[in-house]
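1. I need the structure of the sequence given here:
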Amino acid sequence: MKTVYILIPLAPLIGAILAGFFGRRLGRVNAHRVTIAGVAVAFILSLVSLKHIAFDGAPPFDETIYTWMVSGGITFEVGFLVDKLTVLMMCVVTSVSLMVHVYTIGYMHDDPGYQRFFAYISLFTFSMLMLVMANNFMQLFFGWEAVGLVSYLLIGFWYTRDTAIFANLKAFLVNRVGDFGFLLGIAAIYMHAGSLNYAEVFAQAPALAQTSVTVIPGVEWALLSMTCILLFIGAMGKSAQMPLHVWLPDSMEGPTPISALIHAATMVTAGIFMVARMSPLFELSETALSFVLVIGSLTAFLMGLIGIVQHDIKRVVAYSTLSQLGYMTVALGVSAYSAAIFHLMTHAFFKALLFLAAGSVIIALHHEQDMRKMGGLRKYMPVTYWVSLIGSLALIGFPGTSGFYSKDTIIEAVHASTLPAASWLAYPAVLGGVFVTAFYSFRMFFLVFHGETRMDAHTREHCHESPKVVTYPLIALAVPSLVIGAMTIGPVVFGNYFADVITVAPEHDVIAEVGSHYHGPWAFVLHALHAPAVYLAALGVLMAWFIYLQRPSIAQSVQASVPWLHRMLDNKFGFDDFNQKVFAGGARALGQLLWQRGDRQVIDGSLVNGSANGIGVIAAVTRLLQTGYLYHYAFAMILGVLALLTWFVLV
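-> Now for the predicted structure:
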C-alpha cells in the first residue's frame with residue numbers, strides 16, 4: 001500500500017506539471033485530460049485506501065518516505081500518516097476536485113488561460129493531499145503554505161483585473177498573519193517536545209500540559225494553552241474565522257470553479273482538519289477549547305447576517321461558507337471533533353454544488369452575478385434549479401438531507417457541553433444561525449429562480465440550460481448532498497470510526513452524551529421534530545418567501561426604517577474599513593514617516609548625501625592650498641621643517 005499512498009498526491013502533481021509546463025504543446029483538450037486523469041487516479045486510489053483502512057481493518061500507515069534535510073539537529077522529513085481521518089479527507093478532497101475539474105471544461109471553455117487554470121487546480125489538489133496525509137509538522141506546514149500559494153495564484157487568475165489583484169494580495173497578507181501564529185505554535189512544540197513527528201509529540205502531551213512558560217516577565221502561561229491558541233490562530237486564517245475572515249468573500253474574484261474548490265474541499269477546511277488532528281493537544285487545555293468555541297460562535301452567527309444584504313450570488317454563498325465554518329469550529333470547541341469532520345464532509349458536497357450551480361447561472365446570464373438582474377430562471381434552467389434546491393435544502397438542514405444530520409449533531413453537541421461559553425454564547429449563536437442561514441439561502445433561491453424575470457431582453461432570449469459537461473457534475477454532487485449524511489452518521493459520528501484517531505477527554509465527550517439517544521437516521525429525524533432548529537429553519541424559509549416573493553416592499557421598508565443596521569451589515573461590521581484605515585493606513589503612514597524622516601533625512605540626507613557633501617567641503621578647503629606657485633610650496637615646506645625641529649627640541 002505504500003506505493004498507493006505515494007501515488008495519490010503524485011498523480012495530480014504530474015498532471016499539474018504536464019499542463020503547466022507543456023500546456024501549449026499538449027493543447028487545451030490534452031491539458032484537461034492529463035489533469036483530470038491525475039485527479040481521477042487519486043480519487044480511485046483514495047477509495048482503495050478507504051476500503052483498506054476503514055473496511056478491511058488494516059492498521060494505520062505511519063512511515064517516513066524520505067529525509068529532506070537535517071539542520072542544527074532538526075530532522076525535516078516527508079512522511080505519511082494514513083488513518084481513518086486521513087482517508088476520509090482524501091476521498092472528500094479528490095471527489096470534489098474531480099467534479100470541479102470536469103465542470104471547468106465547460107466554465108472556462110473560452111478562457112485564454114485554460115491550460116494554466118487546469119495546472120493550478122491540479123496543483124491545489126496535490127497541496128491539500130500533502131497537508132492531510134502529513135505525519136509531521138514540517139510537512140503539514142509545507143502543505144499549509146502550498147495551498148496558500150496556489151490560492152493566491154487562483155484568486156488572482158484574471159490578473160488584468162485590479163479587483164482580482166487586490167483580492168489575492170488581501171488573501172495572501174491576511175493568511176500571513178495567521179501563519180505567523182501557526183509557525184510560532186510549531187516552534188513552541190519543537191522547543192519543548194524536541195520532535196516534529198505527530199506520534200512523538202502526542203506521546204509527550206500529558207507532560208507538556210504540566211509545563212508553564214514565561215513570555216512576559218512575571219507572568220506564567222500554560223505551555224499547551226499558549227501553543228494550541230497559536231496553532232488555532234493559523235486555523236483562523238486558513239479557515240476564515242473572525243477577525244481573519246476578511247479575505248474569503250473577496251476570493252470570489254477568481255473563477256467560479258476555484259471558488260467551489262477553495263470553499264468546499266481544500267483551503268478553508270485545512271484549519272478544521274488541523275485542529276481535529278491535534279485533538280490530543282487541545283483536549284488538555286480548556287482555555288484553548290473555550291477560545292475556539294467563542295471565535296466559532298461569533299463567526300457562525302455574525303457572518304450569516306452579512307449574507308442577508310449581499311446582492312452578488314457568489315458572495316451570498318461565500319458568506320454561507322464563513323457561517324458553516326463557524327459551525328465546524330464550534331464543534332471543535334466543544335470537543336465534538338467527529339461532528340466537525342462530519343459537517344466538513346457533508347458541507348464539501350452541498351457547498352461545491354451551490355457554487356457550481358451559481359456558476360451555471362452566471363454562464364447562462366453572460367457572467368451577470370447581481371441577483372437583482374435575475375429572477376424566473378426556473379423555466380429556463382430546470383436542472384440547475386433542482387440541484388440548487390437540493391443544495392439549499394442541505395445547507396439549511398432540511399430533515400433527511402446530509403446537512404441536516406451534520407448541523408443538528410453540532411447543535412445537540414453544543415447543548416450537551418459543559419464549557420461556560422457553550423450555554424450563554426454558542427448555543428444561542430448556532431440556533432440563531434439556523435434561522436439566518438435559511439433566510440439568506442432562500443432569499444437567494446427565490447430571487448434567482450422565482451418571481452418576475454428581471455433580465456434584459458437579449459439575455460432572456462438567449463438564456464438556456466448549461467451544457468452537459470456543467471450539469472453532470474452538478475447532478476453527481478447532488479446525490480451525496482442528499483444521502484451521504486444518513487449513510488454515514490452512525491459509524492462516523494456515533495460509532496467507533498474515529499476511536500483510535502481522535503482523542504476526547506471523558507469530561508468533554510459530548511458526542512457520547514448525544515449518541516446515547518441516537519437510534520438510527522430515521523429516529524434522528526423524528527427527534528429533531530421536538531427541537532427548535534427545524535422550526536427556525538422553516539420560519540426562515542417562510543419569511544424569505546413572503547418578503548421577496550409576496551411583499552417585496554417589506555425589505556425596502558425595513559431598510560428605510562433601520563438604515564443603521566443595513567449600513568452595518570453592508571459595511572461588514574467595519575472589518576474591512578478597520579483593516580484599511582488602521583492596518584493598511586497605519587502601515588502606509590509608518591512607511592511615509594520612515595521615508596521622510598529616516599530614508600530621506602537620515603540615510604540620504606545625513607549619511608549618504610551628508611558624507612558626499614562633507615567630502616566636498618573638505619575638498620573645497622584643501623583646494624585652496626593647491627595654488628600652483630613654487631614659492632607657496634617652499635614656504636609650506638619651511639614651516640613643516642620648523643615644526644619638526646621645534647617638536648624634537650621640546651620633546
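2. any buried residues in the helix or strand harbouring L7, and which?
-> For L7, the host element (DSSP states H and E) is helix 2-21. Using 16 or more other CB atoms under 10 Å as the test for burial, helix 2-21 gives 5, 8-20. Bear in mind the C-beta positions are built from the backbone N, C-alpha and C, glycine included.
3. mind giving me the packing neighbours of the following helix or strand past it?
-> Following helix 2-21 in sequence order, the next helix or strand is helix 23-50 (DSSP H and E). Secondary structure elements in contact with helix 23-50, counted by 3 or more CB pairs under 8 Å, 6 or more residues apart in numbering; DSSP states H and E, are helix 2-21, helix 84-107, helix 114-132.
4. mean pLDDT and distance to G433 added to the ones you listed, as TSV?
-> Output for the helices and strands packed on helix 23-50, formatted as TSV (pLDDT from 0 to 100; distance: least, CB to CB, whole Å):
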stretch	mean pLDDT	distance to G433
helix 2-21	93	34
helix 84-107	92	23
helix 114-132	93	27
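5. quick one: which of those is nearest Q556?
-> Q556 lies closest to helix 84-107 among those, at 34.3 Å (CB to CB).
6. just checking, what packs against that closest one?
-> helix 2-21, helix 23-50, helix 114-132, helix 256-264, helix 267-277, helix 337-364, helix 468-489.
7. which of those helices has the lowest mean pLDDT?
-> Here the lowest mean pLDDT among those goes to helix 256-264, at a mean of 85.
8. and that one, what does it pack against?
-> helix 84-107, helix 114-132, helix 137-155, helix 313-333, helix 337-364.
9. tabulate those (a markdown table), appending mean neighbour count.
-> A markdown table is the format used below for the helices and strands packed on helix 256-264 (neighbours: other CB atoms under 10 Å):
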| stretch | mean neighbour count |
| --- | --- |
| helix 84-107 | 25 |
| helix 114-132 | 26 |
| helix 137-155 | 22 |
| helix 313-333 | 28 |
| helix 337-364 | 28 |
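10. possible to save the ones you listed as a markdown table with distance to W545?
-> As requested, the helices and strands packed on helix 256-264 are arranged in a markdown table below (distance: least, CB to CB, whole Å):
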| stretch | distance to W545 |
| --- | --- |
| helix 84-107 | 30 |
| helix 114-132 | 37 |
| helix 137-155 | 34 |
| helix 313-333 | 16 |
| helix 337-364 | 19 |
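11. nearest to F583, of those?
-> Checking the helices and strands packed on helix 256-264 against F583 by CB to CB gives helix 137-155 as the closest, at 18.6 Å.
12. show me where pLDDT drops low in this structure?
-> Residue ranges of the chain with pLDDT under 70: 605-608, 625, 651.
13. for the residue nearest the centre of it, give me its contacts.
-> For the chain, the residue nearest the mean C-alpha position is V268 (2.6 Å; CA atoms, centre = their mean). The contact partners of V268, by CB atoms under 8 Å, 6 or more residues apart in numbering, come to 238-240, 248, 262, 321, 325.
14. pretty sure I36 is touching M99, no?
-> No. Counting by CB atoms under 8 Å, I36 stays clear of M99, with 10.4 Å between them.
15. show me which of the buried residues of helix 2-21 is closest to L542.
-> Taking CB to CB as the measure, L542 lies nearest P12 of the buried residues of helix 2-21, at 44.2 Å.
16. roughly how far apart are that closest one and M274?
-> In this view, P12 and M274 are 21 Å apart by CB to CB, to the nearest Å.
17. got it, and L395?
-> Look at L395 and M274: by CB to CB, they are 24 Å apart.
18. the two: who's more crowded?
-> Comparing L395 with M274 by other CB atoms under 10 Å, the one with more neighbours is L395, at 32 against 23.
19. mind telling me what element that one is part of?
-> Assessed by DSSP H and E, L395 sits inside helix 382-396.
20. following that helix, which helix or strand comes up?
-> Assigned by DSSP H and E, the successor of helix 382-396 is helix 402-416.
21. that following helix: how far from the chain's middle?
-> Averaging C-alpha positions (CA atoms, centre = their mean, to the nearest Å) puts helix 402-416 22 Å from its chain's average.
22. try stretch 33-46
-> The answer for stretch 33-46 is 23 Å, by CA atoms, centre = their mean.
23. what is the strand ranked longest in the chain packed up against?
-> Taking DSSP state E as the criterion, the chain has its longest strand at strand 61-71. Counting contacts by 3+ CB pairs under 8 Å, 6+ apart, strand 61-71 is packed against helix 2-21, strand 74-82.
24. please repeat the previous calculation with a cut-off of 10 Å.
-> helix 2-21, strand 74-82, helix 137-155 (3 or more CB pairs under 10 Å, 6 or more residues apart in numbering; DSSP states H and E).
25. buried set for stretch 165-181?
-> 167-168, 170-172, 174-175, 177-179, 181.
26. swap in stretch 287-299?
-> Neighbour counts using 16+ other CB under 10 Å place 288-299 of stretch 287-299 among the buried residues.
27. residues near L284, how many?
-> Neighbour tally, L284, other CB under 10 Å: 20.
28. for Y66, give the beta-bridge partners.
-> Per DSSP bridges, the residues bridged to Y66 are V78.
29. host element of the residue in the chain sticking out farthest from the centre?
-> Using CA atoms, centre = their mean, the residue of the chain lying farthest from its centre is V649. It sits 85.8 Å away. If you go by DSSP H and E, V649 is part of helix 630-650.
30. go through the chain and flag its longest helix.
-> Looking across the chain with DSSP state H, the single longest helix is helix 162-193.
31. so that one versus strand 74-82, what angle?
-> Interaxial angle, helix 162-193 versus strand 74-82 (axes from the mean of the first three to the mean of the last three CA atoms, to 10 degrees): 110 degrees.
32. what about helix 162-193, distance to the chain center?
-> 11 Å.
33. which strands and helices lie in contact with whatever helix or strand comes next after that helix?
-> Using DSSP H and E, the helix or strand that follows helix 162-193 towards the C-terminus is helix 198-203. Helix 198-203 sits against strand 74-82, helix 137-155, helix 162-193, helix 279-282, with contacts defined as 3+ CB pairs under 10 Å, 6+ apart.
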